[in-house]
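Participant: quick one: sequence plus predicted model below, questions after.
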Amino acid sequence: MIERGHLEVEKDSRDELIKLEGHLISFLKVTAARAEKEIGYKMPGYAHLQRA
């Protein structure tokens, strides 16, 4: 196993966190757009004859 320096590991971790942040932002944008599109839909109060 190759040992890596602390700074190299820290840089790689930071890069991965930046990628993750981008994915989360995209997910939230899609979720918000879908919520706006489907705002008129009603949620069922019962599922399988039991209260949801």
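Facilitator: Received, thanks.
Participant: mind checking how far the most centrally placed residue in the chain is from G5?
Facilitator: Central residue of the chain (Cα atoms, centre = their mean): L24, 4.1 Å from the mean position. Look at L24 and G5: by Cβ to Cβ, to the nearest Å, they are 29 Å apart. Using the backbone N, CA and C atoms, a C-beta is placed for each residue, glycine as well.
Participant: try I18
Facilitator: As defined by Cβ to Cβ, I18 lies at a distance of 20 Å from G5.
Participant: do D12 as well
Facilitator: Distance from D12 to G5, by Cβ to Cβ: 11 Å.
Participant: could you do G45 as well?
Facilitator: 58 Å.
Participant: before we move on, back to that, sort out which residues of the helix or strand the residue nearest to the centre of the chain falls within are buried, please.
Facilitator: Here L24, judged by DSSP states H and E, is contained in helix 6-37. Under the neighbour-count criterion of 16 or more other Cβ atoms under 10 Å, helix 6-37 has nothing buried.
Participant: any idea of the mean pLDDT in it?
Facilitator: What helix 6-37 shows for mean pLDDT is 95.
Participant: then stretch 44-52?
Facilitator: Rounded mean pLDDT across stretch 44-52 is 70.
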